[in-house]
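Asker: I would like to see how this sequence folds:
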Amino acid sequence: MEMQVIDLNCDMGESFGAYRLGCDDEMMNCVTSVNIACGYHAGDPGTMRRTVQLALKSGTAIGAHPGLPDLQGFGRREMAISPQEAHDLVLYQIGALQAFVRAEGGRLQHVKPHGALYNMAARDQALAEAIAEAVYRADPELILFGLSGSVLIAAGQRAGLRTASEVFADRTYQEDGSLTPRHRSDALITDTVAAVQQAIRMVSTGKVMTASGQEIQIEAQTICIHGDSPHALEFAVQIREALLSAGIRLQPVGETWRRSN
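Answerer: So this is what the prediction gives:
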């Protein structure tokens with residue numbers, strides 16, 4: 001029986017100026033891929049450089065994490081942008097991080113839109129296609145991360161990109177496979193044990209229980225851990241140990257693609 005494999009990703013590099021967010025140094029050793037903020041929703045040039053260096057030193061795969069130009073709202077507020085605007089801001093941010101990665105002797109593995117942009121692209125086909133085109137034009141070898149079962153995954157595949165279906169251990173789901181909106185009280189799973197159990201179940205069975213108690217199918221190729229939550233490091237350690245104990249191998253999605261081809 002073939003061993004199950006999963007990528008464990010985390011958003012990092014979200015500090016900016018005098019403001020420090022997350023515990024990137026410690027979290028880096030718990031995950032296999034990182035999504036580095038590119039200066040719009042968070043991050044700045046110095047933070048981008050340092051986070052890239054940290055990832056390369058630890059052997060963690062690097063992804064660009066482009067978001068909406070909303071520093072005050074941390075990129076979690078939806079904006080009325082056109083597909084062309086989405087294309088341009090994603091391409092701009094990928095290019096910025098690509099420059100730092102190349103300057104440090106590395107290679108970008110993937111792109112994962114952030115926050116509101118991610119959720120908008122999960123349901124808006126025109127927006128999803130614009131983002132997929134931007135990723136492809138930046139580098140057709142990049143992997144596009146998107147919500148499992150979303151139109152962004154479908155758009156990426158139509159554009160000729162490799163894609164990675166992403167699931168969330170600490171978020172609840174709706175019957176259509178979308179994430180429960182953050183403004184709702186039941187959006188987050190704050191109990192670490194419950195979150196770890198959900199992650200194991202999604203990887204092992206391809207199923208998840210929705211907020212209403214309905215079981216739905218889900219494809220899990222990479223699991224997101226939020227690095228800005230109060231107990232992020234504790235949760236990262238526990239979920240990593242639980243996955244390994246369940247006989248699930250952790251490796252970057254890029255490596256999984258190489259081994260399967």
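Asker: who are the contact partners of the closest residue in space to residue 90 that isn't next to it in sequence?
Answerer: Taking Cβ to Cβ, 6 or more residues apart in numbering as the measure, residue 90 lies nearest to residue 134, with 4.1 Å between them; neighbours along the chain are not counted. C-beta here means a position set from N, CA and C on the backbone, and glycine is covered the same way. Neighbour list for residue 134: 86-88, 90-91, 94 [criterion: Cβ atoms under 8 Å, 6 or more residues apart in numbering].
Asker: what's the most distant pair in those?
Answerer: Greatest spatial distance among the contacts of residue 134 (Cβ to Cβ): 86 and 94, at 12.4 Å.
Asker: which helix in the chain runs the most residues?
Answerer: Ordering each helix of the chain by length in residues (DSSP state H) puts helix 83-103 first.
Asker: what helices and strands are in contact with the next helix or strand after it?
Answerer: Following the chain from helix 83-103 toward its C-terminal end, the next helix or strand by DSSP states H and E is strand 108-111. Packing partners of strand 108-111 (3 or more Cβ pairs under 8 Å, 6 or more residues apart in numbering; DSSP states H and E): strand 33-37, strand 61-65, helix 83-103, strand 143-147, helix 253-260.
Asker: would you mark the buried spots in the helix or strand just after strand 108-111?
Answerer: Once strand 108-111 ends, the next helix or strand along the chain (criterion: DSSP H and E) is helix 115-123. With burial defined by 16 or more other Cβ atoms under 10 Å, the residues of helix 115-123 counted as buried are 115-122.
Asker: could these go into a markdown table alongside distance to residue 69 and pLDDT?
Answerer: As requested, the buried residues of helix 115-123 are exported to a markdown table (distance: Cβ to Cβ, whole Å; pLDDT from 0 to 100):
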| residue | distance to residue 69 | pLDDT |
| --- | --- | --- |
| 115 | 12 | 93 |
| 116 | 11 | 95 |
| 117 | 10 | 97 |
| 118 | 15 | 96 |
| 119 | 16 | 94 |
| 120 | 14 | 96 |
| 121 | 16 | 97 |
| 122 | 20 | 96 |
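Asker: now the helices for this structure?
Answerer: In chain order, the chain shows helices spanning 24-27, 45-58, 83-103, 115-123, 125-138, 151-158, 192-205, 232-245, 253-260, with DSSP H as the criterion.
Asker: tell me the buried residues in stretch 57-71?
Answerer: Buried residues in stretch 57-71, defined by neighbour count with 16+ other Cβ under 10 Å: 60-68, 70-71.
Asker: follow-up on the earlier one: okay, the helices and strands packed on strand 108-111 in CSV with distance to residue 46 and mean pLDDT next?
Answerer: Putting the helices and strands packed on strand 108-111 into CSV (distance: least, Cβ to Cβ, whole Å; pLDDT from 0 to 100) gives the following:
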stretch, distance to residue 46, mean pLDDT
strand 33-37, 12, 97
strand 61-65, 16, 98
helix 83-103, 10, 98
strand 143-147, 25, 98
helix 253-260, 26, 79
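Asker: make a markdown table from the ones you listed and add distance to residue 9 to it.
Answerer: A markdown table is the format used below for the helices and strands packed on strand 108-111 (distance: least, Cβ to Cβ, whole Å):
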| stretch | distance to residue 9 |
| --- | --- |
| strand 33-37 | 4 |
| strand 61-65 | 7 |
| helix 83-103 | 15 |
| strand 143-147 | 7 |
| helix 253-260 | 8 |
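Asker: where does the stretch 101-250 of the chain dip in pLDDT?
Answerer: Within the stretch 101-250 of the chain, the stretches falling below the threshold (pLDDT under 70) are 228-230.
Asker: ok, residue 86 and residue 94, which is more surrounded?
Answerer: The residue with more neighbours, out of residue 86 and residue 94 and counting by other Cβ atoms under 10 Å, is residue 86; that gives 26 against 23.
Asker: how about the contacts made by that one?
Answerer: Applying Cβ under 8 Å, 6+ apart, the residues contacting residue 86 are 117, 121, 127, 130-131, 134.
Asker: excluding residues flanking it in the chain, which one is nearest it?
Answerer: Taking Cβ to Cβ, 6+ apart as the measure, residue 86 lies nearest to residue 130, with 4.7 Å between them; neighbours along the chain are not counted.
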